[in-house]
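> what's the 3D shape of this:
(one chain, ligands or ions: 3)
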Amino acid sequence: MSVEEGTANHGRLLGTVRGPQDVKRMTAEQLDILAAEIRDFLIAKVSRTGGHVGPNLGVVELTLAMHRVFDSPRDRLLFDTGHQAYVHKILTGRQEGFDKLRQRGGLSGYPSQAESEHDLIENSHASTALSYADGLAKAYALRGEKRSVVAVVGDGALTGGMCWEALNNIATAGNPLVIVVNDNGRSYSPTIGGLADHLSSLRLNPGYEKVLDTVKDALGNTPFVGKPMYEVLHAVKKGIKDAVAPQAMFEDLGIKYVGPVDGHDVPAVEAALRAAKNFGGPVIVHAVTRKGYGYRPAEDDEADCLHGPGAFDAETGKLLAVPSVKWTNVFADELVAIADERPDVVGITAAMAEPTGIATLARKYPERVYDVGIAEQHAATSAAGLAMGGLHPVVAVYATFLNRAFDQVLLDVAMHKLPVTFVLDRAGITGPDGPSHYGIWDMSVFGVVPGLRIAAPRDSATLREELREAVAVDDGPTILRFPTGTVAADLPAVRRVGPVDVLAESARTDVLLVAVGSFAGLGVEVAARVAEQGYGVTVVDPRWVRPVPAELVELASAHRLVVTVEDGVRIGGVGSALAQAMRDADVRVPVKDLGVAADWHPHGSRAQILADLRLTAQDVARDVTGWISGLDAAPVDPATNGARAQS
Ligand SMILES: Cc1ncc(C[n+]2csc(CCOP(=O)(O)OP(=O)(O)O)c2C)c(N)n1
Ligand SMILES: CC(=O)[C@@H](O)[C@H](O)COP(=O)(O)O
Ligand SMILES: [Mg+2]
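Ligands and ions are numbered 1, 2, ... in the order given. Okay, the predicted model is just below:
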């Protein structure tokens, strides 16, 4: 269908867009129609699949303007965090993929090089785009390639320290580079901090370019022209600039500032981008947008402007699935109960108060909760300062995001033996957000930290118990980690051996099955399946997985085979650490450690990915039966650990 036909058939113009070139030749009127159609498309599709509908509704015009001014993929368009790249995907030939957005085998919710040559940054962690852009611009400069580099960064992502490390370098390098600040004033909730205040001071001031244009227009009609006019204009510009000094911060850094510009006005954004493109150095284009723009349920959503909901009713914006009791809710309620008793307990969030449950504490004790912005490294070391000041901070972040604060946890917190508790939500395989969101690294990465204790609760009862144990520790840091979604049904222990809970046992002691955290239920199911083959399985939940409890080694010595299963990478995981502890104690029992291969696992549902990894009761039972019956036939050399071949 032609653009003209598409224009005539409302709802069909989008169907004429197969690539960026199709929007370059559209008229302003067609662009308005197309923007409306894209919004309808986003609401229709994402309401069915779930996803980042709010952020993407806010960048429709911005993305249209970017693809009209720049020539992707020769010019590189980078998206910080990448959750706001759906419009970019729509304009680069991937409309059909939205029926399976964030689903196994379907479109990723983030840029994906495997999907398109137009995509570059696949990491969904915030505040990285400017560093990529700095490097890209330096590479093109050195190679003599005339290619534009454009990085879209949100006001929330700008609160991340890496952005300021990058800006410092971008300013010095002086390479042509366009930084589009997508300023909607929000992360999930309103963006906090001095930078956010600075941006809003810019938002509230008339863009000095716009005021200057007005002055130019006015003066332009006067009789005098030439040098005096230029001097007048220059004086006016300087005067206005001084009056709206806030953007001086960027310009004093050596980065030109253009804006603020209405991010929903395609021609205005295009004009700013063209000016930036031709500037010949680093330029910030400050686009003011609204998260959820054009869709009232998102615009009016106080919590997070429908930042990333599950499937929802397109008419009302209401979630279709009523959230069950999540791990997060249990944590939040227990944290408040603890805070009632412990005035030294305070909470820290990295711009995710609601999703981590810290908001529950903030509602009761607002003075005891700190939102540090998207700044996990700062969160960790600020927590160290709070602890040095006599408090016990509870830092609640998603497991995957603590990765970037390893050095702070190791040296700023643990080396000083400070009582800080890190609560890692979304630990393990999460699913729809894909590999850079998988919280599979924490038990390995932080397992090496001297003096740091790690707990992996199996249900709400143990979460409450282990959280209390964690905040009672006063000579070092603790980590409490649990998965996404509905909390597991309580699974009572039949007895406790030291800190280790025995969940099931038999007269026979063929297998010790160490089921870590949320895999406890799987362990009990495996034991029942293996028992049908005549073998006895003792299922234990270590509760505290680091350091390895000595009682676990003792229990191992009383069995013929040890099998561990964890929702984390095998390398350096609980199984690996237990095997080492057994070797150190000269306990010669073969160990099979099951877990997640250290790899970039694709997105999908949590259940699907775990099944792909053969981390189901059926698969594990089959393996355990094979191993133990194999022992009947011939002993496995404990030294080889008999590691299971895994993808
Ligand atoms: C390191 C890191 N911490 C936390 C998050 C979770 N997160 C995803 S999007 C987002 C808010 C981003 O706000 P902003 O950059 O302003 O983009 P917007 O959603 O407003 O378009 C956060 C905190 C993340 N992706 N990365
Ligand atoms: C982009 C980002 O990092 C978050 O929005 C993330 O997608 C949220 O994940 P949950 O849906 O598990 O809260
Ligand atoms: Mg924002």
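
> next to ligand 2 in this structure, residues from the stretch 251-400 of the chain, please.
307-308, 355 (Cβ under 6 Å from any ligand atom). C-beta: built from backbone N, CA, C; applies to glycine.

> looking at those residues, which are in helices?
In this view, these that belong to helices under DSSP state H are Pro355.

> right, and Ala276 touches Val283 too?
Yes - the pair Ala276 and Val283 qualifies as a contact (Cβ atoms under 8 Å) at a distance of 3.9 Å.

> who touches both of those two?
Common contact partners of Ala276 and Val283 (Cβ atoms under 8 Å, 6 or more residues apart in numbering): 178, 256, 258.

> could you confirm the last one falls within a strand?
Yes - when classified by DSSP: H, G, I helix; E, B strand; the rest coil, Val258 is found to be part of a strand.

> state the distance from the spatially most central residue of the chain to Val69.
Against the mean C-alpha coordinate of the chain, by Cα atoms, centre = their mean, the closest residue is His125 at 4.9 Å. Going from His125 to Val69 by Cβ to Cβ, to the nearest Å gives 28 Å.

> can you redo the residues of the stretch 251-400 of the chain next to ligand 2 as JSON lines with pLDDT?
Shown next, in JSON lines, are those (pLDDT from 0 to 100):
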{"residue": "His307", "pLDDT": "98"}
{"residue": "Gly308", "pLDDT": "97"}
{"residue": "Pro355", "pLDDT": "96"}
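
> between the residues of the stretch 251-400 of the chain next to ligand 2, which has the most around it?
Among these, His307 has the most neighbours (other Cβ atoms under 10 Å), with 23 neighbours.

> distance of Leu273 from Gly154?
Computed as Cβ to Cβ, the Leu273 to Gly154 distance reads 17 Å.

> so if I had to pick from these two, which one is more boxed in?
Shown here are Leu273 and Gly154; by other Cβ under 10 Å, Gly154 has more neighbours (31 against 25).

> please give me every residue in contact with the more buried one.
By Cβ under 8 Å, 6+ apart, the neighbours of Gly154 are 55, 80-81, 84, 126, 181-184, 187.

> swap in 6 Å and give it another go.
The contact partners of Gly154, taken as Cβ atoms under 6 Å, 6 or more residues apart in numbering, are Asn182.

> what's across from it in the sheet?
Asn182 (DSSP bridges).

> per-residue pLDDT, Gly193?
Here, the pLDDT recorded for Gly193 equals 89.

> give me the number of residues near it?
Gly193 has 18 nearby residues by other Cβ under 10 Å.

> and the gap between the closest residue to ligand 3 within the chain and Glu4?
Using Cβ to the ion, the single residue of the chain nearest to ligand 3 is Gly154, 3.9 Å away. Gly154 sits 36 Å away from Glu4, going by Cβ to Cβ.

> residue contacts, the nearest residue in space to Glu466 that is not next to it in sequence?
The shortest distance from Glu466 to any non-neighbouring residue, by Cβ to Cβ, 6 or more residues apart in numbering, is to Ala455 (4.1 Å). Applying Cβ under 6 Å, 6+ apart to Ala455 gives the contacts 466, 480, 544.

> how about a cut-off of 8 Å?
With contacts defined as Cβ under 8 Å, 6+ apart, the neighbours of Ala455 are 466, 469-470, 478-481, 543-545.

> turn those into JSON lines, columns for secondary structure and neighbour count.
Below are the contacts of Ala455 laid out as JSON lines (DSSP: H, G, I helix; E, B strand; the rest coil; neighbours: other Cβ atoms under 10 Å):
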{"residue": "Glu466", "secondary structure": "helix", "neighbour count": "24"}
{"residue": "Glu469", "secondary structure": "helix", "neighbour count": "18"}
{"residue": "Ala470", "secondary structure": "helix", "neighbour count": "24"}
{"residue": "Thr478", "secondary structure": "strand", "neighbour count": "25"}
{"residue": "Ile479", "secondary structure": "strand", "neighbour count": "27"}
{"residue": "Leu480", "secondary structure": "strand", "neighbour count": "27"}
{"residue": "Arg481", "secondary structure": "strand", "neighbour count": "29"}
{"residue": "Arg543", "secondary structure": "coil", "neighbour count": "23"}
{"residue": "Trp544", "secondary structure": "strand", "neighbour count": "22"}
{"residue": "Val545", "secondary structure": "strand", "neighbour count": "28"}
